[in-house]
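1. model this:
(chains A and B)
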Amino acid sequence: MWPYLFIAPALGAIGLVFVYPLVQVVRDSFYAGSTDTLTYVGTANYKNVVQDPVFRHSLLNNLKLLVTVPVMTALALLIAVMLNDRIRGWRQYQAIVFLPYILPATAIGLTFSYLLQRNGVLNTFLRDAGLGALAPDWLGSASWVVPAIGGVVVWQQLGFGVVVFTAALLALPAEVTEAARIDGAGWWQIQRRIHIPQIRRIVEFFVVLEAITVLSQVFNYVYVLTGGGPGNASSVLEFYIWKNGFSLGSVGTASTVSVILLALASVLIAIYMRLRARDAEV
Amino acid sequence: MRRSIPIALRQLVMVAMAVVSLYPIWFLLQTALKTNEQYTLSPTGLPSHPTLENLRQVILELPVPRWALNSAIVTVLSVSISTVIALLAAYAIVFSTMRFREALLRVNLGLMVIPPVALLIPMFVFMVDAGLINSLASVVIFYSGLMVPFAVFFFVNFFRQFPVELIDAATVDGASPLTTLRRVVLPISKAATFTLVIVNAIWVWNELLIALVFLQDENRRTLMAGLTLFQGRYATNEPLVLAGALVSILPVILVYVAGQRFFVRGLTAGIGK
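-> Here you go, the predicted model:
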């Protein structure tokens, strides 16, 4: 009997915070109106949403931001293989690159909103370096704002990859590397053929987790850096949900986009669960 | 090693990485210590006459201490609640022969990575109906629940490394499961629990979206939700805004410096074995 008593609070919490909202959000996506006077509208919300240019643009921005995942993965791998050689100060370097990852994205966003202004620190630096042509109004230009947000995301998430990859590399058996070296393999060859393949699983986990993050947890950056602007240029799905739900009071529309976001994320969630199941078998 | 990247080049890459990682944090710090005039004249220069005026204003004249207190209350409560709930559940999952354990763990895994934004609208409506909007309880409830799946996963992985004999011995001695958990399991789980608490505390402290939506009354805001008000109100006083941001990151940095190894272990627990 006791196991059920022990597990009851967890089931209660999950029921309230996960199961109930998940069921309710799907239901709400078929209704329109404000919270008190909801009327059933079938799939009308879905039809309206997919025709809304702001929704399409928000979705496109999330997809564009996915580009940050291979970028941060490659950078983190490069840094990790160098740290793995235990170059002087590697622990300190690791601690430094990890620091941004734990800081509140709100404070980070405020800081970068000043650094990336038209005449902000980054552009001053670029102009002084004679690269004035590469100094756009990062957050005020419709074409540069998403890459700029992506840059901040990479800046903050990179350290997570570095720490995870370095930990995995340091745990690898030295014999294999030694054998390869005796056989005449060069440094790059050892990294590419021996080291990185051995930590492949960890890299896969990282890629999936970061893809989920970039798809569904970048509200903070957008809200503080640009407020979705200029216009709706930097809106993402989360921002669209927030705006419709809490600024425009359209619960149906917000719920519909929540369901769409959930559907997109569930592909990644399924991959994550498969990776886990595979790891458990070993 | 042949054809490796020369040491000098590697150090150069690392130094560049360190500068890029630290500069924005340094910029935040030095700007918070400048007067608005100094900042306008020289945004990048060192603070020639560092001043604590912005920090004084932020702490004594603006509701930052109130917000920080709200954040602290929310953090302590929701982390404690979720940790206790998860401890009990994980203990039952690992040390009992309860049915559906594997199915439960599988579902739990999926819940760990569900985007909170998808749950936001129904939870908001729920909190409105329950009369909890603008009450710290609303975010405490939501945060506690959101943290349960990862905490369960974390403790299950940890408990599975335990020798079962330890638990069996206690049971044979007639100890109840709750006593065994408190007297046998908890004392050897201190480091793991501490790790989880740190990681979750940082997550709650940093959270914005939910706090922004649930706590709209100015005095009920958390520090992060409060800071976003600064941006609009003091748009032309960057040092003041960043002094607020500085207050928000200081506890995080202190915790990081004090418990770095716990951090790394906890934050990487979602990856690998």
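
2. Check the burial of the residue of the stretch 1-150 of chain B found nearest chain A by counting its neighbours.
-> The minimum distance from the stretch 1-150 of chain B to chain A, using C-beta to the nearest C-beta, falls at residue B:145 (2.7 Å). Every residue, glycine included, has its C-beta placed from N, CA and C. Here the number of neighbours of residue B:145 (other C-beta atoms under 10 Å in any protein chain shown) works out to 27.

3. Hmm, it is touching residue A:21, no?
-> No: in terms of C-beta atoms under 8 Å, residue B:145 does not count as a neighbour of residue A:21; the distance is 9.6 Å.

4. For the stretch 1-150 of chain B, which segments are assigned as helices?
-> Applying DSSP state H, counting those that start in this stretch to the stretch 1-150 of chain B gives helices spanning B:7-32, B:36-41, B:53-60, B:64-95, B:101-112, B:117-129, B:136-159.

5. Just name whatever secondary elements the fifth one is in contact with.
-> For helix B:101-112, the packing partners by 3 or more C-beta pairs under 8 Å, 6 or more residues apart in numbering or on different chains; DSSP states H and E come out as helix A:2-14, helix A:251-281, helix B:64-95, helix B:136-159.

6. With the longest one instead?
-> Helices and strands touching helix B:64-95, as assessed by 3+ C-beta pairs under 8 Å, 6+ apart, comprise helix A:2-14, helix B:101-112, helix B:136-159, helix B:177-180, helix B:190-206, helix B:223-233, helix B:238-258.

7. quick one: average pLDDT of the second one?
-> What helix B:101-112 shows for mean pLDDT is 91.

8. Could you list the domains of chain B?
-> Domain assignment for chain B, taken from automatic domain parsing, gives B:7-55, B:63-233.

9. in stretch A:92-102, what's buried?
-> A:93-102 (16 or more other C-beta atoms under 10 Å in any protein chain shown).

10. Among those, name the ones in helices.
-> A:93-102 (DSSP state H).

11. closest to residue A:51 out of the domains of chain B?
-> domain B:63-233 (21.1 Å; C-beta to C-beta).

12. before we move on, the earlier item: for the helices of the stretch 1-150 of chain B, give me a markdown table that also has distance to residue A:229.
-> Rendered in a markdown table, the data for the helices of the stretch 1-150 of chain B read as follows (distance: least, C-beta to C-beta, whole Å):
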| stretch | distance to residue A:229 |
| --- | --- |
| helix B:7-32 | 21 |
| helix B:36-41 | 24 |
| helix B:53-60 | 27 |
| helix B:64-95 | 25 |
| helix B:101-112 | 33 |
| helix B:117-129 | 20 |
| helix B:136-159 | 27 |
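
13. Tell me which of those lies nearest to residue A:138.
-> Nearest to residue A:138, of the helices of the stretch 1-150 of chain B and by C-beta to C-beta, is helix B:7-32 at 13.7 Å.

14. May I see the buried residues of that closest one?
-> Buried, per 16+ other C-beta under 10 Å, within helix B:7-32: B:10, B:13-14, B:17-18, B:21, B:23-25, B:27-32.

15. Give the single residue among those positioned nearest to residue A:121.
-> The closest of those to residue A:121 turns out to be residue B:27 (C-beta to C-beta; 6.5 Å).

16. Neighbours of residue B:184, how many?
-> If we define neighbours as other C-beta under 10 Å, then residue B:184 has 18 of them.

17. Apart from its neighbours in sequence, what residue is nearest it?
-> Spatial nearest neighbour of residue B:184, excluding adjacent residues (C-beta to C-beta, 6 or more residues apart in numbering or on different chains): residue B:170 at 4.9 Å.

18. wait, isn't the one you found in contact with residue B:183?
-> Yes: counting by C-beta under 8 Å, residue B:170 does reach residue B:183; the two are 7.4 Å apart.

19. Between these two, point out the one with more neighbours.
-> residue B:170 (18 against 11).

20. just checking, what packs against the helix or strand containing the more buried one?
-> Per DSSP states H and E, residue B:170 falls inside helix B:164-172. Packing partners of helix B:164-172 (3+ C-beta pairs under 8 Å, 6+ apart): helix B:177-180.

21. For residue A:30, give me its contacts.
-> Counting by C-beta atoms under 8 Å, 6 or more residues apart in numbering or on different chains, residue A:30 touches A:40-43, A:45, A:252.

22. Could you do residue A:137 as well?
-> A:117-118, A:144 are the contacts of residue A:137 under C-beta under 8 Å, 6+ apart.

23. Show me which of those residues are buried.
-> A:117, A:144.

24. Tabulate the contacts of residue A:137 in CSV, adding columns for pLDDT and distance to chain B.
-> Putting the contacts of residue A:137 into CSV (pLDDT from 0 to 100; distance: C-beta to the nearest C-beta, whole Å) gives the following:
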residue, pLDDT, distance to chain B
A:117, 90, 9
A:118, 87, 12
A:144, 95, 18
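
25. any low-confidence regions in the stretch 1-150 of chain B?
-> Along the stretch 1-150 of chain B, segments meeting pLDDT under 70 span B:1-4.

26. rerun at 50
-> Counting by pLDDT under 50, the stretch 1-150 of chain B contains low-confidence residues at B:1.

27. Tell me who's in contact with residue B:119.
-> By C-beta under 8 Å, 6+ apart, the residues touching residue B:119 are A:17-18, A:21-22, A:25, B:146.

28. Kindly indicate which of these lies nearest residue A:82.
-> Closest approach to residue A:82 among those (C-beta to C-beta): residue B:146, at 36.3 Å.

29. Now chain A against chain B: closest residue?
-> residue A:17 (2.7 Å).
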